[in-house]
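*Asks:* Give the three-dimensional model of this entry:
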Amino acid sequence: MTAKRATGFLIYRLISNEIQYLLMKASYGNFHWTPPKGHVDPGESDYETALRETHEEAGYNEDDLIIYKDLNKTLNYQVKGKPKVVIYWLAQLKNPQHMPTLSDEHTEFKFLNKNDAIKISGYKDFAEMVEYFDKEIRKIHGI
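*Replies:* Purely as a prediction, here's the structure:
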């Protein structure tokens, strides 16, 4: 069985050296909290999908973000018994005051610190990804 494939960005902002992650509440299913992401369309690269989905779901485009193309994590999990692969790249919001513009796929958003982001997501693999990216962000910014 071929896994469904999705990609997106784990977007963060820095406010006085505090790292805050963008999570959005889905308007469907179990109303889970997630970074912007979506399914790869035929003929589209993983990276193109991440850009398109982030624009559609949060209103951010490539000019709004510092994208760390060499920092990514792949999550493998099951959705309703079917395999799913999600690739996230790390991206920093250039203007920390620029709020997302949500599509109808989400009902609200929050910028959360690492522990709150992990808690609201509720998934072990997501927690591991945030821990990994958090360490990388701290190296990048010397915090």
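
*Asks:* drop to CA atoms for contacts and neighbour counts, all remaining ones
*Replies:* Fine.

*Asks:* which stretches of this protein have low pLDDT?
*Replies:* Along the chain, the parts satisfying pLDDT under 70 run over 1.

*Asks:* I'd like the C-alpha coordinates of the longest helix anywhere in the chain written as CSV, please.
*Replies:* When the chain is parsed with DSSP state H, its longest helix is helix 124-141. Provided in CSV are the C-alpha atoms of helix 124-141 (Å, rounded to 0.1, in the frame of the first residue of the first chain):
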residue,chain,number,x,y,z
LYS,A,124,4.9,11.5,20.0
ASP,A,125,6.5,11.9,16.6
PHE,A,126,5.4,15.6,16.4
ALA,A,127,7.0,16.1,19.9
GLU,A,128,10.3,14.5,18.7
MET,A,129,10.3,16.8,15.6
VAL,A,130,9.7,19.9,17.7
GLU,A,131,12.5,18.9,20.1
TYR,A,132,14.8,18.4,17.2
PHE,A,133,14.0,21.7,15.5
ASP,A,134,14.1,23.6,18.8
LYS,A,135,17.7,22.5,19.3
GLU,A,136,18.6,23.6,15.8
ILE,A,137,16.9,27.0,16.2
ARG,A,138,18.8,27.6,19.4
LYS,A,139,22.1,26.8,17.5
ILE,A,140,21.1,29.1,14.6
HIS,A,141,20.3,32.1,16.9
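
*Asks:* who's in contact with the closest residue to D41 other than its chain neighbours?
*Replies:* Excluding the flanking residues, the one nearest D41 by Cα to Cα, 6 or more residues apart in numbering is T49, at 7.2 Å. Residues in contact with T49 (Cα atoms under 8 Å, 6 or more residues apart in numbering) are A6, T7, G8, G38, H39, V40, D41.

*Asks:* For the last one, give me the backbone phi and psi.
*Replies:* The reference is to D41. Backbone torsions of D41, given as degrees, to the nearest 10, read phi -80, psi 150.

*Asks:* just the strands in this protein please.
*Replies:* 4-15, 18-26, 33-34, 37-39, 65-79, 82-93, 106-112 (DSSP state E).
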